[in-house]
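[1] Provided below are the primary sequence and the corresponding predicted coordinates.
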Amino acid sequence: RAVIFAEDGRTVASASTEFTQSFPQPGWVEHDAQEIWLTSSQVIGAALGHARRFRL
């Protein structure tokens, strides 16, 4: 999730997505670091795109 705030603290844009989780054993969870990096980059770009209309 990425959230962009105005100077007064208002939320002006946000975006989020999910990434793959695998559960190799009970109580364990694994994530792919490359996938986290890529989805984070995409979400930040999407939030910035939504925020453009606010001229921050």
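    Nice, I can see it. The model shown is predicted, which means the values in this text are computed figures rather than measured ones.
[2] What are the boundaries of the strands in the protein?
    Secondary structure of the chain (DSSP state E): strands at 2-5, 11-15.
[3] Quickly run through the sheet partners of the last one, with directions.
    What that stands for is strand 11-15. strand 2-5 (antiparallel) (DSSP bridges).
[4] If we go by neighbour counts, what in the strand it pairs with is buried?
    Judged by neighbour count using 16 or more other CB atoms under 10 Å, the buried positions of strand 2-5 are 2, 4. In this view, the C-beta of every residue, glycine as well, is placed from N, C-alpha and C.
[5] now swap in stretch 45-55 and tell me
    Those buried within stretch 45-55 under the rule 16+ other CB under 10 Å are 46-47, 51.
[6] Have a look at the residues you listed and tell me the least confident one.
    Within these, the minimum per-residue pLDDT falls on residue 51 (91).
[7] hmm, back to that, generate CSV for the buried residues of stretch 45-55, with distance to residue 37 as supplementary columns.
    Written out in CSV, the entries for the buried residues of stretch 45-55 read as follows (distance: CB to CB, whole Å):
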residue, distance to residue 37
46, 15
47, 16
51, 21
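[8] now, which of these sits nearest residue 22?
    Nearest to residue 22 among those: residue 46, at 25.0 Å, using CB to CB.
[9] how close does that closest one sit to residue 26?
    35 Å (CB to CB, to the nearest Å).
[10] give me the number of residues near residue 20?
    Here the number of neighbours of residue 20 (other CB atoms under 10 Å) works out to 10.
[11] Okay, now the unreliable bits of this structure?
    Residues of the chain meeting the criterion pLDDT under 70: 56.
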